[in-house]
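Peer 1: below is the structure, and that's it, no one-letter string:
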């Protein structure tokens, strides 16, 4: 079997020589069409030597076709720290015909700090090779080798590294002692792996050719790109032995990292008991402790060695008042434990763009954050412990509606954070507008943003800002013609389903537009929908709508006696599987009343319904532009 494998190596090596000489002219039209760049070849090899040691070699040749491709693929950055070493790094620039223009010298590869602005303990650095040039197309080659002093995380192999990039050939090899054989899962493409072994080693090869680019589409689902996701089985990380073969064993490994760090000072434990003495329920006690955490700690990043995965001790957080997501979540867990409340250290992939679903049968390390889960008799609480402003129990867009790993005494267990339904994510607007005989208007407006709309435009942070920033936000977001703000107030209600109330007053002389003998006004002043997705006649992917919501408006205009409506349009009703829309106008005793409600559903919808979705959005935009004409009484 190994002889057969050696022969395949030789043949593939000869084949790759041909790919090393490819130029822009060799790219097939199907791979070129719509591409910003094309990987002429992309070759990777991950070699495990011991339970805490591996090497990752990569060589790639990339045709840069336009400015977007230049910015995305003509610069290569390699991260390293005390656990990851850059053993070699080469970069060479060619013209479109394959003639060498420049090979970067070692001194021309930048070595820069990757320390973030909120870090005090971090040893991350970057080596950066920049081959960008003004004229394209051109070709770049990168070749590097990384040495890993741990196996806790194995890099995935991205066959198509993003939209608008094609691939002519991509190969990936995993070589490992049999006892440490990594696991893998092929995503969004056929599994073409070939496995061979001898008494000591396992070799797994993957080879793919002529992968056409995935073209960006409005509302395309995430995680559609083909890749090989890798994960270790048994490994050692500094002084810790682990096994990631199952989610349960993953949790046991995290417990081993956390063990011995729960050294909460007795004085703090007594303080927590005193603090929670007036409260009876788990929720109220947890809220009191969460408020204490926000008032007495702050977030800093800790990315030093194993500190990237292990919290530091409670005594340090307690003494100095800072920590990263691991340390602050672990500290909060200990604060709750001191008053008899159970909670679970919870590992999550955070971000407003959502997170990949976790496969119950394939445990891996695709996480970047830690929060805390507090069981509460079927009404589980989720605590974001790094924020000094986040409402208690609110997961929001950052960690809501996704799979997570609970670290329990019995090991790791999968769970899911809260889903926020459309009827929870509301924006409710009420306004009373007085219009005088000279068409000058004065208005009192109240807008409530709740659920996930609590985060609209960053309004959840606005109450902590100064007056100037608040005024700028209102003037930027409230696009009423001629708006002159006269007064405002912002109230932040930090409940588990939070809301922000924005009350303001304004004057305007431009709400009405005079055309001949008519005076036009657009009654939807505050929540006009303008978004219509682009036309797409060759849609390949289903429609994904990440957030559903409900907007409700009630606006009254006190119209001067000299005017009357020329006519009142009929009520508008739009119904679709993507949501509903209604609006109506009534006029009685000088009062024009505009009532509007739009509900957008979240979810995934068949790609064949894209044009129906587009028409639904177009109908809403058209309805929101509706105007009413007034004429003078005779």
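Peer 2: It's in. Keep in mind that this is a model prediction, so the values were computed, not measured.

Peer 1: residue 253 contacts residue 245, correct?
Peer 2: No. Assessed by CB atoms under 8 Å, residue 253 is found out of contact with residue 245, at 10.5 Å. No exception for glycine: its C-beta is placed from N, CA and C like everyone else's.

Peer 1: higher neighbour count, the two?
Peer 2: residue 253 (21 against 15; other CB atoms under 10 Å).

Peer 1: other SSEs contacting the helix or strand harbouring the more buried one?
Peer 2: For residue 253, the host element (DSSP states H and E) is helix 247-258. Other elements packing on helix 247-258 under the criterion 3 or more CB pairs under 8 Å, 6 or more residues apart in numbering; DSSP states H and E are strand 240-243, strand 344-348, strand 403-408, strand 411-416.

Peer 1: quick check: mean pLDDT of that helix?
Peer 2: Mean per-residue pLDDT for helix 247-258: 96.

Peer 1: centre of the chain to whichever helix or strand comes after it, how far?
Peer 2: The C-terminal neighbour of helix 247-258 among helices and strands, as given by DSSP H and E, is helix 266-276. From the chain centre to the centre of helix 266-276 is a distance of 37 Å (CA atoms, centre = their mean, to the nearest Å).

Peer 1: cool, stretch 371-378 as well?
Peer 2: For stretch 371-378 - counting by CA atoms, centre = their mean - the centre lies 23 Å from the chain centre.

Peer 1: what's the helix or strand for the residue lying closest to residue 352 once chain neighbours are set aside?
Peer 2: Once flanking residues are discounted, residue 352 sits nearest to residue 397: 4.2 Å by CB to CB, 6 or more residues apart in numbering. Element membership for residue 397 (DSSP H and E) is helix 396-399.

Peer 1: that helix - contacts with which helices or strands?
Peer 2: Packed against helix 396-399, as judged by 3+ CB pairs under 8 Å, 6+ apart, are no other helices or strands.

Peer 1: any idea of the pLDDT on residue 464?
Peer 2: The model reports residue 464 with a pLDDT of 87.

Peer 1: now do the phi/psi pair for it.
Peer 2: phi -90, psi 0 (degrees, to the nearest 10).

Peer 1: same question for the one 10 residues further on.
Peer 2: The phi/psi pair for residue 474 (degrees, to the nearest 10) reads phi -60, psi -50.

Peer 1: do I have it right that it meets residue 488?
Peer 2: Yes. With contact defined as CB under 8 Å, residue 474 reaches residue 488; the gap is 6.1 Å.

Peer 1: more crowded one of those two?
Peer 2: residue 474 (20 against 17).

Peer 1: need the contact list for that one.
Peer 2: Counting by CB atoms under 8 Å, 6 or more residues apart in numbering, residue 474 touches 485, 488, 502, 504.

Peer 1: same thing but at 7 Å, please
Peer 2: The contact partners of residue 474, by CB atoms under 7 Å, 6 or more residues apart in numbering, come to 485, 488, 504.

Peer 1: domain parsing for this structure?
Peer 2: In terms of domains, the chain is parsed into 2-241, 246-416, 426-632 (source: automatic domain parsing).

Peer 1: what about residue 356, which helix or strand?
Peer 2: Counting by DSSP H and E, residue 356 is found in no helix or strand.

Peer 1: check the secondary structure at residue 171 for me.
Peer 2: Here residue 171 is recorded as strand under DSSP: H, G, I helix; E, B strand; the rest coil.

Peer 1: state the pLDDT value of it.
Peer 2: Looking at residue 171, the pLDDT reads 98.

Peer 1: quick one: neighbours of it, just the number.
Peer 2: 20.

Peer 1: can you name the residues bridging to it?
Peer 2: Using DSSP bridges, the bridge partners assigned to residue 171 are residue 43, residue 207.

Peer 1: in the stretch 351-500 of the chain, which spans are strands?
Peer 2: Remark: strands assigned in the stretch 351-500 of the chain by DSSP state E, counting those that start in this stretch are 369-374, 381-383, 403-408, 411-416, 426-435, 441-450, 484-493, 499-508.

Peer 1: how much does the fifth one deviate in direction from strand 499-508?
Peer 2: Here the directions of strand 426-435 and strand 499-508 differ by 20 degrees (axes from the mean of the first three to the mean of the last three CA atoms, to 10 degrees).

Peer 1: neighbouring strands - and their directions - for strand 426-435?
Peer 2: Strand 426-435 is paired, per DSSP bridges, with strand 441-450 (antiparallel), strand 549-558 (parallel).

Peer 1: hmm, residue 519 and residue 627 touching each other?
Peer 2: No. Counting by CB atoms under 7 Å, residue 627 sits too far from residue 519 to count as a contact (10.2 Å).
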